[in-house]
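Q: Sequence and predicted structure, then a few things I'm wondering about:
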Amino acid sequence: MSLNPPTAPRISVVIPAYNAGGCLDQCLDALARQDTPPLEIIVVDDGSTDGSIAGAAERGVTVLKTSGRCGPAEARNLGARAARGQVVFFLDADVCAHEDAIARLTAAFSDSLVDAVIGSYDDDPSSRDFLSQYKNLMHHFVHQTARSEAFTFWSGCGAVRREVFLEFSGFDESYKRPAIEDIELGYRLRKAGRRILLDRDLHVKHLKRWTFWNLVKTDVLDRGVPWTELILRDQNLPNDLNLQISQRISIGLVYLMLGLAGLYLLRWGGYFLAPFLAVLFVLLIRYWADGSKTRSRGAAVMMLVVAGVIIALSQGHYMRGLVPIIVCSVPLLFIRHRESVSGRLRTLNEWLSWLYIAAVIIVSARYLYQGRWLLLGIVACAALIATLNNRFYLFLAEKRGRLFAVAAFPFHLLYHFYNGVSFLIGTCLWTVRSLASPARPASKPVQSPEPPVDA
């Protein structure tokens, strides 16, 4: 008597949406192009006010509503309760799943030992500006170089068996904003011995356009601080993803750089600050130039103020060689980057950018002969950081060119800096909350109104 092969699990897609605009339409369009269609698509309206949900209802997908702005954790739980498939595939409203996504998940969950699967952003983000490219490519790189046996979950593109999700009470609804509710669920699953796989070929395209302040706010308040509290709560600091040992060392080196720079400033003041700002200013040309079509008046004024400060410091400390470089750099900030032009203009833009970076570094080096031992320490820290993150910079250079990788370096230093700030704030908050309330209340269990249908 032969045994029948296991039936392939059916996939229910759950998408929380709050004022998703046109992104939700693109997300649903991508699902309509799937090689293997899902069993159902459930869009959960989390208090939207922009009318974006009306288009979803006209497509025939299931639309549910929360009681107001409750947060994506509660919205996803609501969708999972109503899902009929054996597997719930969570997607953010601002991503487009590649055409093989459902097929890959169907194959992965045919293995009864797999409890959850996560994917990653692809290497071709929708927004072409520098900051969005940098941030999304960093996320792609982190997932592509992480372990296949993941230690956490990701709700932007992640699937979990429905019965397992309900057994573990779903996402913690105390997170009222998009935060680390998915990471927290992953910690609980792994602690209980459940298996989470990272499928590096399960890709979604991210449609979000990042701004500088939105990036810092998200990384610090919505990710870094609560993740630190979670690490301290569970005493779980794995050597994977953003928590690799190389990243922790990089944070320490950034703060050592800042300490040495502080000593330099105490001893020689603006003498060090002027060349340093000049180099940083030119490295950021690519970021500022990318925003030329949408740059606000405030951003333009800030850019001119920074240029003025550098010029004033240069004049006050007899570094007049920096002045023409900064003055000539300002007009270049309004020239679109090389992906926005073609042919000879692209090549000319590339060479001009390289020449200006080289000129500023050479001219600045002439003025930094005082305190050379401190300067040597700062350069050594920067070199060590570049070495520790060499694979990431080579990845950026391969995908977007060497100049892109060079321009990304100061942003990566900033990333390590505010990760240190996040850890400090998170540690303080966790300590205060632990003293006030040793036991954190458990999240509300997710009750299932009915069992999922058979495939």
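A: Received the coordinates, thanks.

Q: ok, which stretches of the chain are strands?
A: According to DSSP state E, the chain carries its strands in the segments 11-17, 40-45, 62-65, 87-91, 95-97, 116-121, 157-161, 196-206.

Q: Give me the contacts around the shortest one.
A: It stands for strand 95-97. 26-27, 29-31, 34, 91, 121, 126, 156-157, 203-207 (CB atoms under 8 Å, 6 or more residues apart in numbering). For the C-beta atoms, the positions are set from N, CA and C on the backbone; glycine is no exception.

Q: List the buried residues of it.
A: Neighbour-count burial for strand 95-97 flags Val95, Cys96, Ala97 (criterion: 16 or more other CB atoms under 10 Å).

Q: Which one of the residues you listed is nearest to His416?
A: Val95 (26.5 Å; CB to CB).

Q: gap between Leu215 and Leu131?
A: 7 Å (CB to CB, to the nearest Å).

Q: okay, and the common contacts of the two?
A: What both Leu215 and Leu131 touch, as defined by CB under 8 Å, 6+ apart, is an empty set.

Q: Of the contacts of strand 95-97, just the buried ones, PyMOL syntax please.
A: Selection command for PyMOL covering only the buried members of these, criterion 16+ other CB under 10 Å:
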select buried, resi 26+27+30+31+34+91+121+126+156+157+203+204+205+206+207
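
Q: mind checking the longest helix of this protein?
A: Counting by DSSP state H, the longest helix found in the chain is helix 402-436.

Q: pLDDT averaged over it - what is it?
A: Averaging pLDDT along helix 402-436 gives 90.

Q: same thing with stretch 9-19?
A: pLDDT averaged over stretch 9-19 gives 94.

Q: Figure out how far that stretch is from the centre of its chain.
A: How far stretch 9-19 lies from its chain's middle: 21 Å, per CA atoms, centre = their mean, to the nearest Å.

Q: mind giving me the domain ranges of the chain?
A: Per the record, the chain has its domains at 11-210, 245-388, by automatic domain parsing.

Q: can you list those in TSV and add distance to Ala408?
A: Shown next, in TSV, are the domains of the chain (distance: least, CB to CB, whole Å):
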stretch	distance to Ala408
domain 11-210	5
domain 245-388	9
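
Q: about what we covered before: in terms of secondary structure, what does the longest helix of the chain contact?
A: helix 130-144, helix 225-234, helix 245-268, helix 270-283, helix 285-290, helix 343-367, helix 372-388, helix 390-400 (3 or more CB pairs under 8 Å, 6 or more residues apart in numbering; DSSP states H and E).

Q: With respect to Ala108, which of the ones you listed lies nearest?
A: helix 130-144 (15.5 Å).

Q: which other helices and strands contact the closest one?
A: Using 3+ CB pairs under 8 Å, 6+ apart: helix 130-144 touches strand 116-121, strand 196-206, helix 212-217, helix 285-290, helix 390-400, helix 402-436.

Q: hmm, 6 Å instead?
A: strand 116-121, helix 285-290 (3 or more CB pairs under 6 Å, 6 or more residues apart in numbering; DSSP states H and E).

Q: Output it in CSV, but only the C-alpha positions, please.
A: Output of helix 130-144 as CSV, limited to C-alpha atoms (Å, rounded to 0.1, in the frame of the first residue of the first chain):
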residue,chain,number,x,y,z
PHE,A,130,20.7,57.9,-2.8
LEU,A,131,19.3,57.5,0.7
SER,A,132,16.6,55.0,-0.3
GLN,A,133,19.0,53.0,-2.4
TYR,A,134,21.6,52.9,0.5
LYS,A,135,19.1,51.9,3.2
ASN,A,136,17.3,49.2,1.1
LEU,A,137,20.6,47.8,-0.2
MET,A,138,21.9,47.6,3.3
HIS,A,139,18.8,45.6,4.3
HIS,A,140,19.3,43.3,1.3
PHE,A,141,22.9,42.8,2.1
VAL,A,142,22.2,42.0,5.8
HIS,A,143,19.7,39.3,4.9
GLN,A,144,21.8,37.9,2.0
